[in-house]
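Student: Need a 3D model of the sequence below.
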Amino acid sequence: MQARLVAGLRRFENVGIVLAAVALGVVVPGPGRYADVLVTPLVVFLIYGSLRGVSVADVESRSYGLAILCSLGISYVLLPFGGIRAADALLAGDALTGMAIVLAAPTTAGSAIVWTRLVGGDSKLAALASIGSLGVAPLLTPAVLSALLDRRAVVPVESMAFDLLVIVVGGVGLLVVIPDRLVSETAVDRGSGVTILVLIYSSIASVEVGAIDAAGFGAVSAVVLLLLGGGFALVRFAGHVAGVDRSTYLPLFFTGGLKNLGIALVIAFAYASATVVVVVVTYYVLQQVVGAVVADLA
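Tutor: Have a look, this model is predicted:
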């Protein structure tokens, strides 16, 4: 019983870190206002940490081609363009901008791979789809975000594309130059946790969180749960129709619906809005909760 409780708590470790960082940013905002310069290096480290240990050298990529395309289609087409229609009915202004940002972001590689492993899914598919999502992010994320907002907000496409290119290349570069034996997996995991804490703390400390009302937060949460729940139902139904088992359709849900916190925050910082940041953080927290629920159901 105790072992199951500990395992359950570990699943929500990152959620706990996020909530602690949010509280710290509200209570002690001062130092966080000067941490903006650290954002890009921190996200580079997160990309490195999420990809570390991912081995796809023995994978026949051709056999996964269709599944990877499906994952990219969910992540960059179905979820963003279908989701923005649902969000448009309940959200407006900065809340809608924040939702567009998180929907246009690439897959959160680390979480997608971890949840896939926990449910006994095809972890190689999750790894390949995650790498593919990150690889095309500098091109697709600015383009998708610009299309989602459609003149409702200014999108700095060129600077965003450059920042994403630096982040992706930097993360992959660290993966190449740092031997696995030099840094232990435990150290990377702990470093990633601290990185998430600093990123969230900095983002909350740099904006006026009190500007968000309870009704607005409830609407954002409802939209996120609707999109993630609908996405799960969709991939499960599609898997049933296509005769695909859960080892394939569950990775498609995780890689298509779970979004990269660090990259979404990098984009959100450009808008200097409390609402935009809170939408991104809310999506991240709820996607981790939904991931845990799906893992238990599976």
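Student: what's the offset of stretch 191-202 from the middle of its chain?
Tutor: Centroid displacement of stretch 191-202 relative to its chain, using C-alpha atoms, centre = their mean, to the nearest Å, is 14 Å.
Student: Can you list the buried residues in it?
Tutor: Buried residues in stretch 191-202, counting neighbours by 16 or more other C-beta atoms under 10 Å, are found at 191-192, 195-202. Bear in mind the C-beta positions are built from the backbone N, C-alpha and C, glycine included.
Student: mind listing which of those are in helices?
Tutor: Judged by DSSP state H, these include 191-192, 195-202 as members of helices.
Student: Can you lay out these as a markdown table showing distance to Gly110 and pLDDT?
Tutor: Formatted as a markdown table, those follow (distance: C-beta to C-beta, whole Å; pLDDT from 0 to 100):
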| residue | distance to Gly110 | pLDDT |
| --- | --- | --- |
| Gly191 | 12 | 79 |
| Ser192 | 7 | 75 |
| Thr195 | 11 | 78 |
| Ile196 | 10 | 75 |
| Leu197 | 15 | 75 |
| Val198 | 16 | 77 |
| Leu199 | 14 | 76 |
| Ile200 | 16 | 75 |
| Tyr201 | 19 | 76 |
| Ser202 | 20 | 74 |
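Student: And for Phe81, the neighbour number?
Tutor: 14 (other C-beta atoms under 10 Å).
Student: With adjacent residues omitted, what lies nearest to it?
Tutor: What sits nearest to Phe81 in space, not counting adjacent residues and going by C-beta to C-beta, 6 or more residues apart in numbering, is Leu148, at 7.2 Å.
Student: tell me what the helix or strand that neighbour falls within is packed against?
Tutor: Using DSSP states H and E, Leu148 sits within helix 123-149. Here helix 123-149 touches helix 39-51, helix 65-73, helix 79-90, helix 93-104, helix 109-118, helix 157-177, helix 246-257, helix 261-269, going by 3 or more C-beta pairs under 8 Å, 6 or more residues apart in numbering; DSSP states H and E.
Student: Ala222 is nearest to which of those?
Tutor: helix 79-90 (6.6 Å; C-beta to C-beta).
Student: For the closest one, buried residues please.
Tutor: In helix 79-90, counting by 16+ other C-beta under 10 Å, buried: 79-80, 82-84, 87, 90.
Student: now Leu227: how far from Ser133?
Tutor: Leu227 sits 17 Å away from Ser133, going by C-beta to C-beta, to the nearest Å.
Student: Ser75 now?
Tutor: Counting by C-beta to C-beta, the gap from Ser75 to Ser133 is 6 Å.
Student: list the residues that contact both of those two?
Tutor: 106-107, 255 (C-beta atoms under 8 Å, 6 or more residues apart in numbering).
Student: I'd guessed Leu175 sits against Ser50; true?
Tutor: No - the criterion here is C-beta atoms under 8 Å, and Leu175 misses it with Ser50 at 9.8 Å.
Student: of these two, who's got more company?
Tutor: Each of Leu175 and Ser50 has its neighbours counted (other C-beta under 10 Å); Ser50 has more, 26 against 17.
Student: How far does stretch 254-262 stretch from one end to the other?
Tutor: 17 Å (C-alpha to C-alpha, to the nearest Å).
Student: what's the offset of it from the middle of its chain?
Tutor: On C-alpha atoms, centre = their mean, the centre of stretch 254-262 falls 3 Å from the chain's centre.
Student: now do stretch 104-112
Tutor: On C-alpha atoms, centre = their mean, the centre of stretch 104-112 falls 4 Å from the chain's centre.
Student: cool, stretch 82-94 as well?
Tutor: With C-alpha atoms, centre = their mean as the basis, stretch 82-94 stands 19 Å off its chain's centre.
Student: got it, and stretch 114-130?
Tutor: Distance, centroid of stretch 114-130 to centroid of chain: 15 Å (C-alpha atoms, centre = their mean).
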